[in-house]
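K.L.:
got a sequence here, can you model it:
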Amino acid sequence: MEKTKIIFGTDGWRGLLGDELNNVNIQRVAQAFALYIKENGTQNRVAIGFDGRKFSKEFAHIFAEVLSGNKIEVLVSDRILPTPVVSYICLTRKCDAGVMITASHNPPQYNGIKFKSSDGSPFFTEQTAIIESFIDRNEAVKSTEKIAEIDFTKDYISHIEKLIDFETIMNAGLNVVIDSMAGAGGLMLENLLKKHNIKVQTIFGEPETDFCGRLAEPVAANLQPLSDFLKGGNFSLGLATDGDADRLGVMTDMGEFMNIQETILYLAQYIKLQRNVDGPLVKTASVTDKVLSFSKSTSVEVIDVQVGFKYVAEAMMESGAAFGAEESGGFGFKGHLPERDGIFSALIFLEMLSASGFNSLDAFIRNKRLELGEIFYSRIDSINDNPKRHNVLAALTANPPNTLSGFNVTEVKTYLNSRGLINGQKILLEGNPRWLLIRVSETEPMVRIYAEAENDSEVKTLLESGYELFNAYLQK
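P.N.:
Just a heads-up that it's a prediction; the model follows:
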């Protein structure tokens, strides 16, 4: 029987359970990973965690047995837990790397693997390429000799309690709703806040393999239950974490989803101007260019990278950045981890709101818009399984448009994946700000189109033009 070809994407490996994610293929990846650790590790130790998806725990233990069979010491979580906890354990337990069995926010029929470096950051492109090249070099060997099952959460919780001003949050009198989306975040945030006498309750706080029928991505389309809950009580805000709790979505007390771009802009301002953290800001291409305007008025450097938090993490570590953000709700903070963390981000957000003097997130946002202006942004996630979709951006780069939706094109930026192929293109247009970004997903059959402009009507028009442009090239 011919073996399935395994190709890593932007953030590790994800695939459908059964044909792609199965015991055999997990062993193949684990053996390749073991060879990588043997050649590049110094501690001969790896941490492994898992989310609440179907077979995640089983896959974690299979992975551990293969590493043990290669004489590598393995620390395995004794429970479902968020991805950032594994990242932090890599630091505290001096591991060469971490492995998290998760497909993040993907639908429940998917699972996958994320690789973490010894400093807690995502694996760099060249590291995943080496592991990919090692697949099937050796047959997998297994044992249970060097496996220890432990509680990863104690070190992590102790660490973040030292970094968050819980007293300010408590004194603000906030009433918080957490939506864990039946994911790995569970009751972690609720337990932390209750410990510090902060009023909080959680919905969907027990991990479920199908996320209770929702897609576990904290975006407006998936947060109707949180919206309904907020509208039914007297709350300050709602906070939602994704399937493996490394991303954050925010809702106002009125049950309205907070524009993620505003979340990023306000957090960046808070980190730099109120927390006074040294270092530049890092953002992906899909993050609002209003961050650039903020940087000009405050002399803060902004580093722009392609979509994918590993690129944010690389830039954060290279530059000593204060804060890094991606449009999908992933945030990294200096002094914590060069990695996204939905749990820590939620606590920083609560600290920011508490320090503002507002008890209502809706009132806080209205005040911020008077200060910084509104952000007009949206995106389209278009299902597309046409094998030619991966070739469109190369053709578009070779022959870019001069105008789009009646606006002149001022610059075209392209972004490459780990194999040197174009997987993203950002078209900058006249205006402040005005741009279109097209990306072809490497982990699912999806084309994503993003736009920011000077009003909602322009955003809608740009998204429609981007969709038509992509499909026109797809038909050529």
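K.L.:
SS state for the nearest residue to residue 336 once chain neighbours are set aside?
P.N.:
Spatial nearest neighbour of residue 336, excluding adjacent residues (CB to CB, 6 or more residues apart in numbering): residue 344 at 5.6 Å. Glycine gets a C-beta too; all of them are placed from N, C-alpha and C. Recorded secondary structure, residue 344: helix (DSSP: H, G, I helix; E, B strand; the rest coil).
K.L.:
so who does the residue nearest the centre of the chain touch?
P.N.:
For the chain, residue 330 is the residue whose C-alpha lies nearest the centre (CA atoms, centre = their mean; 4.0 Å). Residues near residue 330 by CB atoms under 8 Å, 6 or more residues apart in numbering: 246-247, 309, 312, 340.
K.L.:
ok, residue 43 next?
P.N.:
Taking CB under 8 Å, 6+ apart, one finds 94-96, 118 in contact with residue 43.
K.L.:
compare those residues and tell me which has the most neighbours.
P.N.:
The most crowded member of these, judged by other CB atoms under 10 Å, is residue 95 (26 neighbours).
K.L.:
ok so that residue is a helix residue?
P.N.:
No - judged by three-state DSSP, residue 95 forms no part of a helix; its state is coil.
K.L.:
who touches residue 449 in this structure?
P.N.:
Applying CB under 8 Å, 6+ apart, the residues near residue 449 are 379-380, 382, 436-439, 463, 466-467, 470.
K.L.:
to clarify, my last question referred to residue 342.
P.N.:
With CB under 8 Å, 6+ apart, residue 342 has these contacts: 82, 84, 185, 218, 241-242, 245-248, 329.
K.L.:
which two among the residues you listed are spaced furthest apart?
P.N.:
Greatest spatial distance among these (CB to CB): 84 and 218, at 14.8 Å.
K.L.:
compare those two (neighbour count), which wins?
P.N.:
residue 218 (31 against 28).
K.L.:
tell me the two of the contacts of residue 43 that are most distant?
P.N.:
Using CB to CB, the contacts of residue 43 span at most 8.4 Å, a distance reached by 94 and 96.
K.L.:
show me what the top strand by length along the chain is packed against.
P.N.:
Longest strand in the chain, counting residues (DSSP state E): strand 407-416. If contacts are counted by 3 or more CB pairs under 8 Å, 6 or more residues apart in numbering; DSSP states H and E, strand 407-416 sits against helix 392-398, strand 422-429.
K.L.:
if you count neighbours, what's buried in the helix or strand hosting residue 469?
P.N.:
Residue 469 belongs to helix 456-474 when assigned by DSSP states H and E. Buried residues in helix 456-474, counting neighbours by 16 or more other CB atoms under 10 Å, are found at 458-459, 461-463, 465-466, 469-470, 473.
K.L.:
export stretch 139-150 to PDB, keeping only CA atoms.
P.N.:
This file holds the C-alpha atoms of stretch 139-150, laid out as PDB (Å, rounded to 0.1, in the frame of the first residue of the first chain):
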ATOM      1  CA  GLU A 139      11.000   2.700  10.500                       C
ATOM      2  CA  ALA A 140       9.300   3.800  13.700                       C
ATOM      3  CA  VAL A 141      10.400   2.100  16.900                       C
ATOM      4  CA  LYS A 142       8.400   2.300  20.100                       C
ATOM      5  CA  SER A 143       8.700   1.900  23.900                       C
ATOM      6  CA  THR A 144       7.200   3.300  27.100                       C
ATOM      7  CA  GLU A 145      10.500   3.300  29.000                       C
ATOM      8  CA  LYS A 146      11.300   7.000  29.000                       C
ATOM      9  CA  ILE A 147       7.700   8.500  29.300                       C
ATOM     10  CA  ALA A 148       6.600  10.500  32.300                       C
ATOM     11  CA  GLU A 149       3.000  11.800  32.600                       C
ATOM     12  CA  ILE A 150       2.800  15.100  34.500                       C
END
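K.L.:
buried stuff in that stretch?
P.N.:
Neighbour-count burial for stretch 139-150 flags 140, 142, 146-147 (criterion: 16+ other CB under 10 Å).
K.L.:
cool, and stretch 7-17?
P.N.:
Neighbour-count burial for stretch 7-17 flags 8-17 (criterion: 16+ other CB under 10 Å).
K.L.:
could you work out the most separated pair of these?
P.N.:
Going by CB to CB, the pair spanning the buried residues of stretch 7-17 furthest: 10 and 17, at 20.2 Å.
K.L.:
redo the buried residues of stretch 139-150 as TSV? Include secondary structure and pLDDT.
P.N.:
Output for the buried residues of stretch 139-150, formatted as TSV (DSSP: H, G, I helix; E, B strand; the rest coil; pLDDT from 0 to 100):
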residue	secondary structure	pLDDT
140	coil	96
142	coil	97
146	coil	97
147	strand	98
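K.L.:
let's have those in a markdown table, adding distance to residue 427.
P.N.:
What follows is these, written out as a markdown table (distance: CB to CB, whole Å):
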| residue | distance to residue 427 |
| --- | --- |
| 140 | 46 |
| 142 | 50 |
| 146 | 52 |
| 147 | 50 |
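K.L.:
of those residues, just say which sits nearest to residue 408.
P.N.:
For those, the minimum distance to residue 408 (CB to CB) is 56.1 Å, reached by residue 140.
K.L.:
quick one: the closest one and residue 26 touch, right?
P.N.:
No - Residue 140 lies out of contact with residue 26 (CB atoms under 8 Å); the separation is 9.1 Å.
K.L.:
ok so, going back, columns secondary structure and pLDDT on top of the contacts of residue 342, output as TSV?
P.N.:
Below are those laid out as TSV (three-state DSSP; pLDDT from 0 to 100):
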residue	secondary structure	pLDDT
82	coil	98
84	helix	97
185	coil	98
218	coil	97
241	strand	98
242	coil	98
245	coil	98
246	coil	97
247	coil	97
248	strand	98
329	coil	94
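K.L.:
and of those residues, the nearest to residue 169?
P.N.:
Nearest to residue 169, judged by CB to CB, of the contacts of residue 342 is residue 248 at 15.7 Å.
K.L.:
isn't the closest one right up against residue 241?
P.N.:
Yes - contact criterion CB under 8 Å: residue 248 and residue 241 qualify, at 6.1 Å.
K.L.:
poorly predicted segments of the stretch 301-450 of the chain, please.
P.N.:
Scanning the stretch 301-450 of the chain for pLDDT under 70 picks out 418, 443.
K.L.:
can you pull out the strands in it?
P.N.:
All strands of the stretch 301-450 of the chain, identified by DSSP state E, counting those that start in this stretch, fall at 302-305, 323-326, 330-333, 376-383, 403-404, 407-416, 422-429, 435-440, 446-453.
K.L.:
how about those strands, which one is nearest residue 291?
P.N.:
Using CB to CB, those put strand 302-305 closest to residue 291, at 5.7 Å.
K.L.:
mind picking the two most distant members of the buried residues of helix 456-474?
P.N.:
Distance extremes for those: the farthest pair is 458 and 473 at 22.5 Å, using CB to CB.
K.L.:
quick one on the thing from earlier: the residue nearest to residue 336: neighbour count?
P.N.:
27.
K.L.:
cool, residue 227 as well?
P.N.:
18.
K.L.:
tell me the pLDDT of the spatially closest residue to it that is not a sequence neighbour.
P.N.:
The spatial neighbour of residue 227 that comes closest, neighbours along the chain excluded (CB to CB, 6+ apart), is residue 255 at 3.9 Å. We have a pLDDT of 98 for residue 255.
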